[in-house]
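Trainee: structure here, sequence nowhere to be found:
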C-alpha cells in the first residue's frame, strides 16, 4: 500500500472513530454529573425554597424521569445539535452561551500559545546548543519547575507582583468597564480593534491580555522547551550533522537549518493538543483573573449545578480535542515523510 493511500485509510479510520470517542465522553460527562452529590434544585433555588418549587424545577429539568430516559433524551437533543437550555441564565440556549463566551477563551489561548512557543523554542534551542553550561542547566530547571507549578498559584503570584506591588497591570477582567469594548462580528477584541482601525482599543486589549496570557504561556512553554531541547540534542548527534560539520558548514546554520527544523516536528505534533488543553485548562486562569471566557462560565455552571450548561460546554470542548488530534495527525504526516500509517 502506497504512503498516500495508507494515510487516507488512517484518516478515514480516525474520522469513523471520532463519533465513538465523542459518545464515550458524552456518556461519561452525563453519568459523572448525576453521580456528584448535591441537588441542582437546592443549588438553583436555595435550600430554604419550598419543596413544591423544588419538585417543579426537578420535573422541568427532567430529573424525575428514569436515568435511562434522561440519557436517551439528552442524546436525542445532541443528534439535533441541541445542547439544551441553561437553568441559570433566564432560559438562554447553551449554544448561545458558547458563542458569547468562547471568543474570549480563544483569544487568551492564542496569545498564551504564542508566548509558550517563543519562550519554549528559544530556551530549548539555547539549552541544547550549549550542553553542560549554565544555560543548559537553567533551561532544564525552568522546564521542570514551570511544568510542576499550579496554574492558579502562578496567576496569583503574578497578580501580587505586577498588579498589587508594582501596579503595572490590571488585576483582572478583559476590558475596562468604563470604556466601550471593541465591537465586531468575531468577538475577538484584538481582531475587532484592528478591523475597526482603533489603535487605542487594541493597546488596551493587549494590556489586559498580558498577565493572564503570561500565566498560561509560562506553564505550557515548559512542554515546548523540553521537547525542543531533547530533539535538538538528538539531531546534533546524527550522522548527517557530523557530515555537515565536516564540510565546513557553520554551526549556527546547522542548528537552524537542520536541528531546529527537525526538532519542531514533534512540537507541531503536540501543538493542537496543547491548544486544546489551553482551551480547557484555562478555567483556573480565567477564574483567577476574572476573565469572561467559556472556562469561567463553566466554573459558574458547575457551582450552580446547571446540568445543561456544564454538559454542553464539556461536549463542545471534547469535540475540539477530538478533531484537533485528527488535524494534527494529518499535518504531521504531511510535513514528515518518515511517518508511515
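Mentor: On my side now, so go ahead. As the structure is a computational prediction, the values presented were derived from the model and not from experiment. Numbering: from 1, shown residues only.

Trainee: domains for this protein, by residue range?
Mentor: The chain breaks down into these structural domains: 22-79, 100-335 (assignment by automatic domain parsing).

Trainee: can you give me the buried ones in the lengthiest helix in the chain?
Mentor: Ranked by residue count, the top helix of the chain under DSSP state H comes out as helix 199-236. Within helix 199-236, the residues that qualify as buried by neighbour count (16 or more other CB atoms under 10 Å) are 201-202, 204-205, 208-233, 235-236. The C-beta positions use only the backbone N, C-alpha and C, and glycine is treated the same way.

Trainee: and the next helix or strand past that helix?
Mentor: Once helix 199-236 ends, the next helix or strand along the chain (criterion: DSSP states H and E) is helix 239-246.

Trainee: so that following helix versus helix 199-236, what angle?
Mentor: Direction vectors for helix 239-246 and helix 199-236, defined by axes from the mean of the first three to the mean of the last three CA atoms, to 10 degrees, enclose an angle of 90 degrees.

Trainee: what mean pLDDT does helix 239-246 get?
Mentor: For helix 239-246, the mean pLDDT works out to 73.

Trainee: what's the answer for stretch 188-195, then?
Mentor: This predicted structure assigns stretch 188-195 an average pLDDT of 87.

Trainee: list the buried residues of that stretch.
Mentor: By neighbour count, and taking 16+ other CB under 10 Å as the criterion, the buried residues in stretch 188-195 are 188-194.

Trainee: and if you look at stretch 50-68?
Mentor: Counting neighbours by 16+ other CB under 10 Å, one finds that the buried residues in stretch 50-68 are 54, 57, 61, 63.

Trainee: first-to-last residue distance for it?
Mentor: Start to finish, the residues bounding stretch 50-68 are 28 Å apart (CA to CA, to the nearest Å).

Trainee: quick one on the thing from earlier: among the domains of the chain, which is the most enclosed?
Mentor: Most buried of the domains of the chain, by mean neighbour count (mean count of other CB atoms under 10 Å): domain 100-335, with a mean of 18.

Trainee: for the buried residues of stretch 50-68, which one is nearest residue 95?
Mentor: Distances from residue 95 to the buried residues of stretch 50-68, taken as CB to CB, are shortest for residue 61 (18.0 Å).

Trainee: residue contacts, residue 187?
Mentor: If you count contacts by CB atoms under 8 Å, 6 or more residues apart in numbering, residue 187 has them with 99-100, 102-104.

Trainee: at 10 Å what do you get?
Mentor: If you count contacts by CB atoms under 10 Å, 6 or more residues apart in numbering, residue 187 has them with 99-104, 106-107.

Trainee: out of those residues, flag the one nearest to residue 164.
Mentor: Distance to residue 164, by CB to CB, is smallest for residue 104 among these, at 23.5 Å.

Trainee: about what we covered before: just the ones of the buried residues of stretch 50-68 in strands?
Mentor: In strands, defined here by DSSP state E, there are no members of these.

Trainee: now those in TSV, with pLDDT?
Mentor: TSV is the format used below for the buried residues of stretch 50-68 (pLDDT from 0 to 100):
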residue	pLDDT
54	75
57	73
61	72
63	72
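
Trainee: re the thing from before, in terms of mean pLDDT, which of the domains of the chain ranks lowest?
Mentor: The bottom spot among the domains of the chain, by mean pLDDT, belongs to domain 22-79, with a mean of 77.

Trainee: residue 315 against residue 78, yeah?
Mentor: Yes. Checked against CB atoms under 10 Å, the pair residue 315 and residue 78 is within contact range at 7.0 Å.

Trainee: out of the contacts of residue 187, which comes closest to residue 278?
Mentor: Minimum distance to residue 278 across the contacts of residue 187 is 9.4 Å, recorded for residue 106 (CB to CB).

Trainee: distance check, that closest one against residue 293.
Mentor: Between residue 106 and residue 293 the computed distance is 8 Å (CB to CB, to the nearest Å).

Trainee: identify all contacting residues around the helix or strand where residue 154 lies.
Mentor: Assigned by DSSP H and E, residue 154 falls within helix 151-158. Helix 151-158 is contacted by residues 146, 149-150, 164, 169, 172, 210-212, 214-216, 218-220, 281-289, 291 when judged by CB under 10 Å, 6+ apart.

Trainee: elements contacting the helix or strand that comes right after that helix?
Mentor: Along the chain past helix 151-158, the next helix or strand (assigned with DSSP H and E) turns out to be helix 189-196. For helix 189-196, the contact count by 3 or more CB pairs under 10 Å, 6 or more residues apart in numbering; DSSP states H and E identifies helix 94-129, helix 199-236 as packing neighbours.

Trainee: give me the angle between the longest one and helix 151-158.
Mentor: To tie it back to what came earlier, the one meant is helix 199-236. Computed by the same axes, to 10 degrees, the angle between helix 199-236 and helix 151-158 is 120 degrees.

Trainee: how far off centre is helix 199-236?
Mentor: In this view, helix 199-236 has its centroid 13 Å away from the chain centroid, taken as CA atoms, centre = their mean, to the nearest Å.

Trainee: try the first one
Mentor: Relative to the mean C-alpha coordinate of its chain, helix 94-129 is positioned 7 Å out (CA atoms, centre = their mean).

Trainee: show me what contacts the residue nearest to residue 139 when sequence neighbours are not counted?
Mentor: In space, residue 139 comes closest to residue 127 once its chain neighbours are excluded; the distance is 2.9 Å by CB to CB, 6 or more residues apart in numbering. Taking CB under 10 Å, 6+ apart as the definition of contact, the neighbours of residue 127 are 133, 135-143, 225-226, 228-230, 232-233.
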